[in-house]
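In: curious how this folds, go ahead:
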Amino acid sequence: MLLHGVVVAHPSMLYDSPDESLSDSLVPSLFRRELRTKINFKPIVKPIVEGCDSDYDKARAIYKWICDNIDYDDGYRVHTADECYKLKRGTAQAYCELYYHMAESIDIKSRIIHGWVKDVDGEVDRSGHAWISTVLDGREVLLDLVRGAVHLYHGEFVHNNFVWPWFDVDPKFLIFTHYPFDDDDQYIDQPIDYEQFVSLPTAPIEWVAYNLNIDSLFDLAINQTLRLPEFYGADKLAPNIELLEIPLTRSLRVGQRYRFAVKLNSDKFDICLVNNHRFTKLDEWEYHGDGIYTIEYDLLDENSVSISYNEGDSKSWSAMVVYDVDEARVKDWNNVSSVSPLDHPDVRETKNLFRDSWVEMGVDNARLADLIRRYHVTKLPLVYKGMSKYLKVSSIPMNYELHVGKVYIFSFYSLGDYSFAIVEDQCDGGRVWHREFELGALGKQTLRIAPEEPGSLYISFSTDGSNFKHCIKYEVVTRE
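Out: Presented below is the predicted three-dimensional model:
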């Protein structure tokens, strides 16, 4: 039987109801027998805990050693500490008994808890499981050695790279997947009943690995309002990335602002927010020191949103958290327009929408969106990079296509002692220059022309009066 990719201790122990599981007569002898060993574990444990000052650190060292050195016995044959230590494999019961005796050899008290668990699909598996409660520095600490040690990968059990999510487990996290036979072993202020346990969602280990607020998640789940995003990559990313604050909801809404806070504990990884083709990388986040970054994020598109990461020099991004996005309503798109006018659906598909270039040219996003709507623009003129230091736009045609014989007004401000021209490069090879600008205040220059032939038309400038460079390009076509 599988639970989060881990096989339970003994596949034949079945109960018909939660009440039956509480009867000592129904608990298999495997779980009820006295724990014994013929091995003197004290000299074995001594080098493992060398350099550890507290019981907590010693227990961590024993836990880590077992997770790293004991394989999972999917044949369900090895159940005792002695067999487990000699063969370097065992069931959940064997893992627990090995920890029990190793800890006891250095006067750390522990006991084995038995109960039910949920499998990877969230179904209660009544074949039984075993985990540990150990007393460390005056408090009870819960740990699940099997889940800390291994996970199922392509049909085989492999050791976890990161074992710590299952050491010192928050009881409010553990109760999502582990239901002990004895209610006192839940270690929460108000123990839940079996029906509540069944109704709880299956908690991914990423909740712990990414350092989410378990108290908040538990309260949401008990109130049946917990709808979380999908999580990925804990075994690879923890403890390198912590999610200090994220929206605790399954889906987000267009036009709303959300706060994200992350902590990077390694410079090996980089993260960003991805929404459609919009990548919001860390250089757009606010840095607070100690690896902590925050951002107030405006959602501008209906496509899914992910917190994604890349590793090293990789140019590809992989998702670690994925949100759905609700279908946008009219008022949602109105919210988008108030924050980012060019991201409204009736504007954002406009071709040549190089928003930074237009802002640099003196046309802000709200004005540009208004012009696109007013003149039914489907394609904007092509603005050449770096031209904003020579002119600022006052009023120019906003459609890329101009019509032969129609009069257009070109008006802009010169930002220096430059010469300007409107140049027609006609399809038949001819070139027509227009330089009769009306000069106004603050360097404003205005020219009215009617293109004569199909071809290309440019707003051009020169710093010496002879060598002209193009700033903005149009295409001239014959009216149909």
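
In: I figured His434 hits Tyr408, correct?
Out: No - His434 sits out of contact with Tyr408 when judged by CB atoms under 8 Å, with a separation of 10.7 Å. Heads up, the C-betas are built off the backbone N, CA and C, glycines and all.

In: who touches both of the two?
Out: Ile449 (CB atoms under 8 Å, 6 or more residues apart in numbering).

In: residues touching Lys385, list them.
Out: Ser357.

In: give me the pLDDT value at it.
Out: If you check Lys385, the pLDDT there is 89.

In: quick one: it is in a strand?
Out: No - looking at Lys385 with DSSP: H, G, I helix; E, B strand; the rest coil, it is coil, so not inside a strand.

In: domain ranges for the chain, per the record?
Out: 2-203, 235-334, 341-477 (automatic domain parsing).

In: now the ones you listed in a markdown table, with distance to Leu228?
Out: A markdown table is the format used below for the domains of the chain (distance: least, CB to CB, whole Å):
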| stretch | distance to Leu228 |
| --- | --- |
| domain 2-203 | 8 |
| domain 235-334 | 6 |
| domain 341-477 | 27 |
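
In: so which of these is nearest Ile222?
Out: domain 2-203 (7.2 Å; CB to CB).

In: what pLDDT does Tyr210 get?
Out: pLDDT, Tyr210: 91.

In: check contacts around it.
Out: Phe231, Ala234, Leu237, Ala238, Ile241, Glu242, Leu243, Met320, Val321.

In: could you list the low-pLDDT ranges of the chain?
Out: 1-33 (pLDDT under 70).

In: just to revisit the earlier point, most tightly surrounded among the domains of the chain?
Out: Mean neighbour count (mean count of other CB atoms under 10 Å) peaks for domain 2-203 among the domains of the chain, with a mean of 18.

In: and that domain, how far out from the chain's middle?
Out: In terms of CA atoms, centre = their mean, to the nearest Å, the centre of domain 2-203 is found 30 Å from the chain centre.

In: helices or strands up against the longest helix anywhere in the chain?
Out: Assignment by DSSP state H gives helix 55-69 as the longest helix of the chain. Packing contacts for helix 55-69, counted by 3 or more CB pairs under 8 Å, 6 or more residues apart in numbering; DSSP states H and E, involve helix 42-48, helix 92-104, strand 124-136, strand 139-143, helix 145-149.

In: what residue lies at the spatial centre of the chain?
Out: Ile307 (2.4 Å; CA atoms, centre = their mean).

In: excluding chain neighbours, give the residue nearest to that residue in space.
Out: Sequence neighbours aside, Val321 is the residue nearest to Ile307 in space, at 4.2 Å (criterion: CB to CB, 6 or more residues apart in numbering).

In: now do the SS call for the one you found.
Out: Going by three-state DSSP: Val321 is strand.

In: measure it to Ile246 for me?
Out: 7 Å (CB to CB, to the nearest Å).

In: without its sequence neighbours, what residue ends up closest to the residue lying farthest from the centre of the chain?
Out: Here the chain reaches farthest from its C-alpha mean at Glu436, the gap being 57.1 Å by CA atoms, centre = their mean. Excluding the flanking residues, the one nearest Glu436 by CB to CB, 6+ apart is Leu447, at 6.6 Å.

In: quick check, that neighbour in a helix?
Out: No - counting by three-state DSSP, Leu447 is not part of a helix but strand.

In: surely Ile222 is in contact with Asp193?
Out: No - Ile222 lies out of contact with Asp193 (CB under 8 Å); the separation is 11.6 Å.

In: which parts of the stretch 151-300 of the chain are helices?
Out: Here the stretch 151-300 of the chain has its helices, by DSSP state H, counting those that start in this stretch, at 171-174, 194-199, 206-209, 214-222, 234-237.

In: rebuild those helices as JSON lines, extending it with distance to Asp326.
Out: Formatted as JSON lines, the helices of the stretch 151-300 of the chain follow (distance: least, CB to CB, whole Å):
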{"stretch": "helix 171-174", "distance to Asp326": "28"}
{"stretch": "helix 194-199", "distance to Asp326": "24"}
{"stretch": "helix 206-209", "distance to Asp326": "23"}
{"stretch": "helix 214-222", "distance to Asp326": "18"}
{"stretch": "helix 234-237", "distance to Asp326": "27"}
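
In: out of these, nearest to Ser388?
Out: Of all the helices of the stretch 151-300 of the chain, helix 234-237 comes closest under CB to CB, at 41.1 Å.

In: and that closest one, what does it pack against?
Out: helix 206-209.

In: which of the three states applies to Leu368?
Out: helix.

In: surely it touches Arg355?
Out: Yes - using CB under 8 Å, Leu368 and Arg355 qualify as a contacting pair, with a distance of 7.2 Å.
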